[in-house]
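> Attaching a predicted model along with its sequence, questions to come.
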Amino acid sequence: MYFQQFYLACLSHASYMLGSEGVACVVDPQRDVGIYLDEARAHGLKVEHIIETHLHADFVSGHRELAERTGAKIYLGALAGATFPHIPVRDCDEIRFGRVILRFLETPGHTVESVSIAVTDLDRGDKPFAVLTGDTLFIGDVGRPDLAPNLTPQDLAGMLFDSLHNKLLPLGDDVEVYPAHGAGSLCGKQMRPERQSTIGKERALNYALRPRTKEEFVRLLTADLPERPSYFALDAELNRAGVPAVAELPPLKLLDAGEFAALQQAAAIVLDTRPTREFCAGHIPGAVHIALSGQYASWAATLLGLDHDILLIAEDQETLEESRLRLARVGIERVTGALRDGMAGWAAAQRPMAQIGHVSAEELAKLRDEVQILDVRRQAEWDEGHIDGASLVPLHQLSSRLGEFDPSRPVAVHCKGGYRSAIACSLVQRAGFEQVMNLTGGFDAWRACGLPEVSTGVQSSN
Ligand SMILES: [Fe+2]
């Protein structure tokens, strides 16, 4: 049989295509579905089946577009309440094509409708050789149990325990595991970087599968849950209805500097996706900076929501299209336009520019008493070590907590390596703080210089 994983690094998302004797099934497709159509064509396959392991909350799926372009049927757990034409599936339902049998296992826990898919290749044997686990079982972790609107995390964690122990572990240690997400995804918290595993390996290495009672498991899974971005509920609803094809999004309008400034004045958000160095050297006053290089779309959806008009700034036409596509993948569709000729067009029109300064770790150590140091990492990173006198405000909380700082005093911002702090610098400056600087290299650089740090409860100097 044909079996292929497609890994979309910017969303830490894995989708799959399985094929046999001219027929293919796609599992958890990303929003832009051309890759599956190209791959199917290259292997002489026709996509006849599409499976969603659950209603994804962290990205918008391409199941509806793929179904419209291929005529394939969509399968989804019966409890999803999906409103597009689909086949609701229950435990032990099967899809058979060529030499392949796909057997559904209801595995609620991450969400109530979650299913896993046991894959049998009759050319290899009559037992499943692999299981596609969606967000039920990850490599090194399990799905977070706090995303269902009508159930408590405790209820869901209890279901997850049963799903893992009664449905997935009994498949056998040799069975290969293919999840829907990898390290970096907001759907789990401590995934390993591998892209595939086995039940046996997870039984040995996955902290959530160590022997413990159901009560202990529920307590473990519901303690220290990561933040839940507000767009998660919106994306799950978009997936319940199915979104229109990417090609149906309105064409990206190129605007001159005057039109662009007028729309910004009328409350559209300027989103500058260029590399941080370029953004800091000169940008449109009030612009939000999220570099295309990192978890760009997740941060854009987390910090800006889905319902604002967005004006894009990018390095060139290619990155402009990429910037916009990545926004569409998380459900941000209101991209009103982009600046013709990018920042060169803005400079040629002699429009005002803003800058953001930077500071090295050694310089910051000397300036410590004169600046407000803002650490935008997560609590766990802070607990492990931070700069004495800094304030912790995780990036997702920043906009609502800027009132805690004095806009008339300089602010130095840092994260681990510089990606999140660059975003934060733009938000701080946009809020009216005049002297904003980014710590070059972040806390990693501070630590590499051997500068003093504090860890929660323990004072140390190194
Ligand atoms: Fe999920």
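Happy to help now that I have it.
> Can you name the residue of this structure nearest the ion?
Asp135 (3.7 Å; CB to the ion). To be clear about C-beta, it is placed using only N, CA and C from the backbone, and glycine gets the same treatment.
> Thought Leu186 was touching that residue, still the case?
No: look at Asp135 against Leu186 with CB atoms under 8 Å: they stay out of range, at 10.6 Å.
> More neighbours: which of the two?
Asp135 (28 against 19; other CB atoms under 10 Å).
> contacting residues for that one?
Listed by CB atoms under 8 Å, 6 or more residues apart in numbering, the contact set of Asp135 reads Thr53, His54, His56, His110, Thr111, Ser114, Gly143, Pro179, Ala180, His181, Cys187, Gly188.
> That one: what's its closest spatial neighbour, skipping adjacent residues?
Computed as CB to CB, 6 or more residues apart in numbering, the closest residue to Asp135 that is not its neighbour in sequence is Gly143, at 3.7 Å.
> That neighbour - how many residues pack around it?
Gly143: 31 neighbours (other CB under 10 Å).
> can you count the residues close to the closest residue in space to Ser230 that isn't next to it in sequence?
Spatially, and ignoring its direct neighbours in sequence, Ser230 is nearest to Gly305 (6.7 Å; CB to CB, 6+ apart). Using other CB under 10 Å, Gly305 has 15 neighbouring residues.
> Quick check: Gly305 touching Ala233?
No: the criterion here is CB under 8 Å, and Gly305 misses it with Ala233 at 11.4 Å.
> got the contact list for Glu321?
Applying CB under 8 Å, 6+ apart, the residues near Glu321 are Leu252.
> Looking at the longest helix belonging to the chain now, give me its mean pLDDT.
Assignment by DSSP state H gives helix 317-330 as the longest helix of the chain. The average pLDDT for helix 317-330 rounds to 95.
> so how far is stretch 254-269 off the chain centroid?
29 Å (CA atoms, centre = their mean, to the nearest Å).
> contact partners of that stretch?
Contacts with stretch 254-269, where a contact means CB under 8 Å, 6+ apart, come from 270, 284, 286, 288, 304, 308-311, 336-340, 345-346, 348-349, 351.
> Contact residues of the stretch 51-200 of the chain facing the ion?
Within reach of the ion by CB under 5 Å from the ion, the stretch 51-200 of the chain has these residues: Asp135, Cys187.
> Would you map the strands across the stretch 51-200 of the chain?
73-77, 87-89, 94-97, 100-106, 115-121, 130-134, 176-179, 197-198 (DSSP state E, counting those that start in this stretch).
> Can you list the strands that the fifth one pairs with?
Sheet pairing here is set by DSSP bridges, and for strand 115-121 it gives strand 100-106 (antiparallel), strand 130-134 (antiparallel).
> Now for the nearest residue to Pro88 once chain neighbours are set aside: which residues touch it?
Excluding the flanking residues, the one nearest Pro88 by CB to CB, 6+ apart is Ala78, at 3.7 Å. By CB under 8 Å, 6+ apart, Ala78 lies in contact with Pro88, Val89, Arg90, Glu113.
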